[in-house]
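S.K.: next input, structure requested:
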Amino acid sequence: MFKPTSIKSRLAVFAACAAFGVAAQAANITGAGSTWVYPLVAKWSATYAKQTGTQVNYQSIGSGGGIAQIKAGTVAFGASDKPLTPEELAKDGLIQFPTAIAGEDLVYNLKGIKPGEMILSGPLVADIYLGKVTKWNDPAIAKLNPGLKLPAMHITVVHRSDGSGTTFTFANYLSKVSPEWKSKVGADTSLSWPTGVGGKGNEGVSSYVQRIPGSIGYVEYAYILENHMSYARMINSAGKVVSPSLKGFQAAAANVDFTKASDFYVILTDQPGAESWPISGCTWQILRKNAPKATNEEVTKFFMWGFEHGQDMARSIAFGPLPPSTIAAIKTYWKTNLGI
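M.R.: Model prediction:
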């Protein structure tokens, strides 16, 4: 025979249902790609989870992996430091939008030479990565660094072993300043390297340079800050010696207008200006047009939260915020392409 449940039991059931409802509202977003942008996404996602209950699970696997995974539909968003062309986006039913401005630099492991003491130029870096300059006391390096005690030590070149937008940005810059690099190697997320050892991700390159005396590598600036690495100053397109900095990244970005570029396709390397950092770049988030609308809504909500509430966190690790006009253009772009 049926017996009415007690008020206590009913309250317990109600509480359980309410808890389930809250859990059901909390979403999980999956993303993968750029190791360059990982420090920023990690900072944003930790705070976003506390404020909204939505977990953003991001795999730092390299831009090539991020592009492959979003094309396959196995993640909600892919992140790449190499923008896809409008033609490629259209062919695969994708969209892309920028996240933040940043930059990368050369790091080295040389005893007695402090961060920022080494000066390098683009053509010289190209010759090092082509295997033409092999000793730290080479006359070409000594000419730019007359006050430094340069060792007669072999240069161990460190590069990325995975598909990488950081590599694309680096190689794109070298292609602009070295005709030989452009003709022999070119610029892409994966390259046929003339020399050196490969590390996976910005993390892998940073680790190799820290462990190998006499080594040189290229990494995103947030990793330089995090690991307290020795970095080079560079000669920019205006012939000025500049240090990597948020100000320098933003000076480079000031030369382009994201709002006038189809699908936000711009390249920030080797921009003019006395303060411009020569190896500046950006990360793009890539979404599928045919993904469930609710999924794309969660992704765009997260990044809009970052644009509106996460800029102090971005600046703390030298990621420059996008201009308000670009954020407004991104909102319009989402509405046009995703109906959001």
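S.K.: look through the protein and tell me its longest strand.
M.R.: Ranked by residue count, the top strand of the chain under DSSP state E comes out as strand 94-108.
S.K.: in stretch 144-151, what counts as buried?
M.R.: 144, 145, 148, 150 (16 or more other CB atoms under 10 Å). For the C-beta atoms, the positions are set from N, CA and C on the backbone; glycine is no exception.
S.K.: revised request: answer the last question for stretch 280-297.
M.R.: 280-288, 291, 295-297.
S.K.: repeat that for stretch 193-212.
M.R.: Neighbour-count burial for stretch 193-212 [16+ other CB under 10 Å]: 193, 196-197, 199-209.
S.K.: now swap in stretch 37-45 and tell me
M.R.: Buried residues in stretch 37-45, counted by 16+ other CB under 10 Å: 37, 38, 39, 40, 41, 43, 44, 45.
S.K.: can you list the domains in this structure?
M.R.: 27-101+280-338, 104-254 (automatic domain parsing).
S.K.: ok, which of those domains comes nearest residue 262?
M.R.: Among these, the nearest to residue 262 by CB to CB is domain 27-101+280-338 (4.6 Å).
S.K.: what about that closest one, how long is it end to end?
M.R.: Using CA to CA, to the nearest Å, one end of domain 27-101+280-338 lies 19 Å from the other.
S.K.: flag the shaky bits of the chain, pLDDT-wise.
M.R.: 1-26 (pLDDT under 70).
S.K.: switch to 80 and redo it
M.R.: 1-27 (pLDDT under 80).
S.K.: hang on, the earlier thing: from the buried residues of stretch 280-297, pick the one nearest residue 131.
M.R.: Nearest to residue 131 among those, with distances taken as CB to CB, is residue 281, at 24.9 Å.
S.K.: quick one: the strands in this protein?
M.R.: Assigned by DSSP E, the strands in the chain fall at 28-33, 55-60, 77-80, 94-108, 119-121, 156-160, 197-199, 215-220, 230-231, 233-235, 241-242, 280-288.
S.K.: by how many degrees do the first one and strand 55-60 diverge?
M.R.: In this structure, strand 28-33 runs at an angle of 10 degrees to strand 55-60, with axes from the mean of the first three to the mean of the last three CA atoms, to 10 degrees as the basis.
S.K.: what's strand 28-33 in contact with?
M.R.: For strand 28-33, the external contacting residues (CB atoms under 8 Å, 6 or more residues apart in numbering) are 41, 54-63, 65-67, 69-70, 75-80, 165, 285-286, 295, 298-299, 302.
S.K.: direction included, what does it pair against?
M.R.: If you go by DSSP bridges, strand 28-33 pairs up with strand 55-60 (parallel), strand 77-80 (parallel).
S.K.: mean neighbour count and distance to residue 310 added to those strands, as a markdown table?
M.R.: Compiled in a markdown table, the strands paired with strand 28-33 are given as follows (neighbours: other CB atoms under 10 Å; distance: least, CB to CB, whole Å):
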| stretch | mean neighbour count | distance to residue 310 |
| --- | --- | --- |
| strand 55-60 | 18 | 12 |
| strand 77-80 | 30 | 15 |
